[in-house]
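Peer 1: The following comprises the amino acid sequence and a computationally predicted model.
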Number of protein chains: 2
Amino acid sequence: MTDIIEAYLKKVLQQQEQVEIRRSEIAQLFDCVPSQINYVINTRFTIQRGYLVESKRGGGGYIRIIKVQVLDDLDMLNTMIEIIGKSISEKEAKSVVQKLYEEDIVSKREAKLMLVAMDKSLYTGDRLLDNRLRANLLKSMLANLKYEEPKKRKADNS
Amino acid sequence: MTDIIEAYLKKVLQQQEQVEIRRSEIAQLFDCVPSQINYVINTRFTIQRGYLVESKRGGGGYIRIIKVQVLDDLDMLNTMIEIIGKSISEKEAKSVVQKLYEEDIVSKREAKLMLVAMDKSLYTGDRLLDNRLRANLLKSMLANLKYEEPKKRKADNS
DNA sequence: TTATGATTAGTCAAAAATAGTCAAACACTT
DNA sequence: AAGTGTTTGACTATTTTTGACTAATCATAA
């Protein structure tokens, strides 16, 4: 079942670079429970496989799957993410960002934005906690740099 | 429905800098209850998204939506920093960043970096604390943009 | 001027319409 | 038997829609 739904969605995505579904409709179409759709998405349309997923609940809710393009700095970014680990100091974090800039992976403005976000003064004051928060933030930003959407998005509510 | 009404009003606001409606008329036009209009306004035309709303009840009553006008980038950034204040939710923060992007003050990549940094999942889980941390971070990033050279403008592909 | 009724818009909470999570049950493979 | 991946469904979370009730303003009558 999972494979069938995956194939169906991929087929649509061959024509378009994104697809928007109503979870319950697809579930009906394939005669399965709605949460099966979540399973398909969680296992087959991950960011590692090159897909971004957005959704909204409530009236007019949807699930949108977007094909993304993996950029060539992937390896460097992955390595850095590994290095960062669960925790990182302000200094180390700033040198990671500096490195990104030197490697031409981010622009000067982008680097400055990231540097600001690493600054000690923004956090709670509890060093261990701060180092973990900082690591999470930096890793998220790096992960974000790995991919790029092929096309414009419409009005983003959220 | 909400999206449709939002789109309608935004379309009008593309032509004019403000729009004045009679609540019951719009409700009739879209065949919904009048309070739906309040919902649209409260969720889609907030100050974080760059709109001011005025209204009057009674005979000849109206609802007026005004696009906030800013003189230049610096002005806009200062205004946003004020709006952010000491604490901001994930949703509001993302609205602010979205607005920054729409106003062409940040590039798409910059916006995405900032959006990632606003995400709930990165913080401690204590909502009040998180909202304060988020406000500090966002304000720092905005302040940083004030002193940067302006973003280089390319043909807007996005 | 004051009271009253008509005409608006605002508020709030319940109901409806979605999607998400998680763990138990199931089915295969090794 | 143990491990892995899939299916299911009960429960949760979020967003929108609806409507009854409230508040403000205006027009008019007393």
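Peer 2: Done, it's in. Residues are numbered from 1 along each chain as shown, chains lettered A, B, ... in the order given.

Peer 1: Output the contacting helices and strands for the lowest-mean-pLDDT helix or strand in chain A.
Peer 2: Sorted by mean pLDDT, DSSP states H and E, the helices and strands of chain A end with strand A:69-70, the least confident at a mean of 88. Contact partners of strand A:69-70 among helices and strands, from 3 or more Cβ pairs under 8 Å, 6 or more residues apart in numbering or on different chains; DSSP states H and E: strand A:147-148. Where you see a C-beta, it was placed from the backbone N, CA and C, and this is true even at glycine.

Peer 1: who does the strand it packs on touch, helix- and strand-wise?
Peer 2: If you count contacts as 3+ Cβ pairs under 8 Å, 6+ apart, strand A:147-148 packs onto strand A:69-70.

Peer 1: close to DNA strand C, is the helix or strand harbouring residue A:5?
Peer 2: Using DSSP states H and E, residue A:5 sits within helix A:2-15. No - Helix A:2-15 lies out of reach of DNA strand C by Cβ under 7 Å from any atom of the strand, never closer than 12.1 Å.

Peer 1: sorry, back to before: following the least confident helix or strand of chain A, which helix or strand shows up next?
Peer 2: Scanning forward in sequence from strand A:69-70 by DSSP H and E, the next helix or strand is helix A:74-84.

Peer 1: same question for that next one, mean pLDDT?
Peer 2: Averaged across helix A:74-84, the pLDDT comes to 94.

Peer 1: Please state the offset of the helix or strand following it from the chain centre?
Peer 2: Remark: after helix A:74-84, the chain's next helix or strand is helix A:90-102, criterion DSSP H and E. For helix A:90-102, the separation from the chain centroid amounts to 21 Å (computed by Cα atoms, centre = their mean, to the nearest Å).

Peer 1: and what of stretch A:106-116?
Peer 2: 19 Å.

Peer 1: Over to stretch A:46-62?
Peer 2: For stretch A:46-62, the distance to the chain centre is 11 Å (Cα atoms, centre = their mean).

Peer 1: Next, the residues that contact stretch A:119-127 from outside, please.
Peer 2: Stretch A:119-127 is contacted from outside by A:90, A:116, A:129, A:130, A:133, A:134, B:124, B:129, B:133, B:136, B:137, B:140, using Cβ atoms under 8 Å, 6 or more residues apart in numbering or on different chains.

Peer 1: and what of stretch A:19-26?
Peer 2: For stretch A:19-26, contacts defined as Cβ under 8 Å, 6+ apart pick out A:5, A:9, A:12, A:13, A:34, A:37, A:38, A:61, A:62, A:63, A:64, A:65.

Peer 1: Buried residues of stretch A:98-108, list them for me.
Peer 2: A:100, A:101, A:105, A:106, A:107 (16 or more other Cβ atoms under 10 Å in any protein chain shown).

Peer 1: on that earlier part again, each with direction, which strands does the least confident helix or strand of chain A pair with?
Peer 2: With DSSP bridges as the test, strand A:69-70 is paired with strand A:147-148 (antiparallel).
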